[in-house]
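Peer 1: have a look; sequence and predicted model below, questions after that.
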Amino acid sequence: MKQFKWKFVALAATAILVACGGGSDSPRTTAVVVMGDSLADSGVFTGIPTFGRIFSVQGSSSEPNTIWTERIAVQAKVPQLCNFYKFTGATFIPNPVAGCTSFAIGGGRINVQPGNGGSASPQSLVKQLQDAAATRTSYGARDLLLIDGGGNDAADLVTAFLTSTPTFSGVLGTLLPSGTVSANLADPPTVGTLYMQALAQSLFNAVKTNALDKGAQRIALLNMPDITHTPRFQMVLDGIAAASGGGAPGATARAQALGLFRVWINAFNTQLATLVAGESRIALVDFFAGFNAQMASPANFGLTNVTVPACPVVGTGTDGLPIYNFQTCTAAALSAQTPPVGATGGANWWQTYAFSDGFHPTPLGYKLLADTVQAKLTAVGWL
């Protein structure tokens, strides 16, 4: 009788371990597979002049797990992420290192323009999703997919709008019927909204075809952040104000442009939320809300500067905007320089900045994004 009781207790304990996901035979995550843009790039451009391993400050204490996807991989207890693609200086090739599951590439877009290779380019999230599915044949129930994208697409739309009407029309026409473009071209809020809705549909279709329909059960899909908060786009908005004469007229033009760009971003996020609603295999991560909260209340997130990039400017582009060099923007170099006026923390001043350059986070910024993603994955029981 006593022996029977001990067997019963042992069986019960085993059942509890299984129910809680315990035991080494049942890992919570078997693999992390990444698709996206520069925010998720784990080294595609390593060795290329002016680039670093990641799009941020190089050589920080968080290496080799600085960007958000790498931090999530650590939490998921899977092997170190590495880049599936490698840039040669002229083209993208498969990384000679076998087993890499990060398909994200700096400059990644949902809708790569035809002149840049279109959907056949590895910088296309559609192509990344296709290649990831092809290498795996099918996804396992515990594979975790991490997908970000859309920020560069929004930048493309804004840039086209500010360049010329024909350029704007050309970008719109890559996703919208010509009749829709011509009928609404004089109404930027409407036609831009239609484009961004189509962009969200394009992303969802690619995820469905190449991930959900291939057996994926756990997909973390980030919505689009408000890129107007970035130093780069603040300078663009300032340029709009200056071009409008400055003063009150300039402020009005700036506010109108800001409102328009945010209408477009919100259109994408609203459409994406509608498309994934009720799909339990997709966890929609609210990158938009998390980023806005950081910009609105920096101190709550340990940030001391959300307007000025930490990396030094090394030149000016043809668009009049600053150029940065990630290869030389290292933790050691920043800590060795005299801190900017008003900065705190001594040699660690840059560690509480939000932006490394005009568009990308510092290591702390990446950590904050990882925190947002981790909270969502924990809430749905995937971490």
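Peer 2: Happy to help now that I have it.
Peer 1: for the rest of this, base every contact and every neighbour count on C-alpha atoms.
Peer 2: Noted.
Peer 1: is it true that residue 380 touches residue 283?
Peer 2: Yes - between residue 380 and residue 283 a contact is recorded at 7.5 Å, counting by CA atoms under 8 Å.
Peer 1: which of those two has more residues huddled nearby?
Peer 2: Shown here are residue 380 and residue 283; by other CA atoms under 10 Å, residue 283 has more neighbours (21 against 14).
Peer 1: for that one, give the beta-bridge partners.
Peer 2: residue 220 (DSSP bridges).
Peer 1: which stretches of the protein form helices?
Peer 2: Taking DSSP state H to define them, one finds helices in the chain at 2-19, 68-75, 125-136, 151-163, 165-172, 178-184, 188-210, 231-243, 247-276, 287-296, 331-336, 363-379.
Peer 1: just say which of those helices is most tucked in.
Peer 2: For the helices of the chain, the largest average neighbour count (mean count of other CA atoms under 10 Å) is found in helix 68-75, namely a mean of 22.
Peer 1: nearest residue to residue 60 in space, please, no chain neighbours.
Peer 2: Distance criterion CA to CA, 6 or more residues apart in numbering; nearest residue to residue 60, sequence neighbours excluded, is residue 331 at 5.3 Å.
Peer 1: list the contacts for the one you found?
Peer 2: Each residue near residue 331 by CA atoms under 8 Å, 6 or more residues apart in numbering is listed here: 57, 58, 59, 60.
Peer 1: export the helices of the chain as CSV, with columns for mean pLDDT and distance to residue 354.
Peer 2: CSV is the format used below for these (pLDDT from 0 to 100; distance: least, CA to CA, whole Å):
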stretch, mean pLDDT, distance to residue 354
helix 2-19, 38, 41
helix 68-75, 98, 14
helix 125-136, 97, 26
helix 151-163, 98, 17
helix 165-172, 98, 31
helix 178-184, 98, 37
helix 188-210, 99, 27
helix 231-243, 98, 10
helix 247-276, 99, 21
helix 287-296, 99, 9
helix 331-336, 98, 14
helix 363-379, 98, 5
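Peer 1: how about the closest residue to residue 49 other than its chain neighbours, what does it touch?
Peer 2: Among residues not flanking residue 49 along the chain, residue 327 sits closest, at 6.9 Å (CA to CA, 6+ apart). Neighbouring residues of residue 327 by CA under 8 Å, 6+ apart: 49, 50, 51, 52, 58.
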